[in-house]
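A.B. asks: The sequence isn't on hand, but the structure is:
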C-alpha cells in the first residue's frame, strides 16, 4: 500500500509549512460516508475547527433585537419562534 506524503514549503523562507487544503475537500475526506450536500439528523460526522470561518461580532442593532426578544414573556417567545 502506497502512502502519499506531501511537504509544502514557504516560497520566501524556504521552510516547511502546513499545507493549505480545500475545506470542502477535507470535509469530504473526513466524512467519506456522506454523499449528499445535506446531512440528515442523526448522521455522525467529523467537524474540525478549521472548517469554520470566524464570525463578525454582532452589530448594535442585532444585540438590541436579541435583548428585546429576551424581554418578551415565555408564551410570546414560543409563538414568535414557531412562525
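C.D. replies: Arrived safely. A quick note: this is a predicted structure, and the numbers were derived from the prediction, not measured. Residues are numbered from 1 along each chain as shown.

A.B. asks: Distance of residue 58 relative to residue 67?
C.D. replies: Going from residue 58 to residue 67 by CB to CB, to the nearest Å gives 11 Å. All C-beta spots, glycine's among them, are computed from the backbone N, C-alpha and C.

A.B. asks: Low-confidence regions, the protein specifically.
C.D. replies: Low-confidence segments of the chain, defined by pLDDT under 70: 1-4, 20-24, 50-56, 80-83.

A.B. asks: Go again with 80.
C.D. replies: Scanning the chain for pLDDT under 80 picks out 1-8, 10-11, 14, 17-26, 48-58, 76-83.

A.B. asks: That one: helices as residue ranges?
C.D. replies: 23-30, 60-71, 74-82 (DSSP state H).

A.B. asks: could you dump the ones you listed to a markdown table with mean neighbour count and distance to residue 39?
C.D. replies: Converted to a markdown table, the helices of the chain look like this (neighbours: other CB atoms under 10 Å; distance: least, CB to CB, whole Å):
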| stretch | mean neighbour count | distance to residue 39 |
| --- | --- | --- |
| helix 23-30 | 12 | 10 |
| helix 60-71 | 10 | 27 |
| helix 74-82 | 9 | 23 |
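
A.B. asks: Pipe those helices into CSV and attach distance to residue 46 per row.
C.D. replies: CSV is the format used below for the helices of the chain (distance: least, CB to CB, whole Å):
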stretch, distance to residue 46
helix 23-30, 4
helix 60-71, 31
helix 74-82, 30
